[in-house]
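Peer 1: Pasted the sequence and its predicted model underneath.
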Amino acid sequence: MAKSSRHDESVLQPATSKSNSLRTTVPVSIVNLFDLKKGDKLNWGIEDGAEVIQVAKQGNRVIR
C-alpha cells in the first residue's frame, strides 16, 4: 500500500456523562482507505511507548 501524506483530525468527546471513556469520529478518508463498515471492530494499541496510535481492523493487519 502506498504511504499517504494526508493528515486528518478528530476531537475526543465524552462517551456518556457518567463515563470516563471518550469517543471520536473516524475521518471519512480513513473509512474509505481501509474500507471500514458500520459494525467493524477496531483494536487500539501503543507500541513500545511511542507517541503513535495504532489502529487495526479486527482480523486484519495493523494500520499505522
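Peer 2: Happy to help now that I have it.

Peer 1: Name whatever forms a beta bridge with residue 22.
Peer 2: Beta-bridge partners recorded for residue 22 (DSSP bridges): residue 14.

Peer 1: Equivalent analysis for residue 44, please.
Peer 2: Note on residue 44: beta-bridge partners residue 55, judged by DSSP bridges.

Peer 1: Let me know the pLDDT of it.
Peer 2: pLDDT for residue 44: 75.

Peer 1: Any stretches of the protein with poor pLDDT?
Peer 2: Scanning the chain with the threshold set as pLDDT under 70 gives 1-6, 52-55, 59-64.

Peer 1: Tell me where it has strands.
Peer 2: Along the chain, the stretches classed as strands by DSSP state E are 13-14, 22-23, 42-45, 54-57, 62-63.

Peer 1: Can you lay out those as CSV showing distance to residue 29 and mean neighbour count?
Peer 2: C-beta: built from backbone N, CA, C; applies to glycine. As requested, those are exported to CSV (distance: least, Cβ to Cβ, whole Å; neighbours: other Cβ atoms under 10 Å):
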stretch, distance to residue 29, mean neighbour count
strand 13-14, 20, 10
strand 22-23, 19, 11
strand 42-45, 15, 11
strand 54-57, 13, 15
strand 62-63, 13, 14
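
Peer 1: Distance to residue 7 for those - can I get that in CSV?
Peer 2: Compiled in CSV, the strands of the chain are given as follows (distance: least, Cβ to Cβ, whole Å):
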stretch, distance to residue 7
strand 13-14, 20
strand 22-23, 20
strand 42-45, 18
strand 54-57, 14
strand 62-63, 14
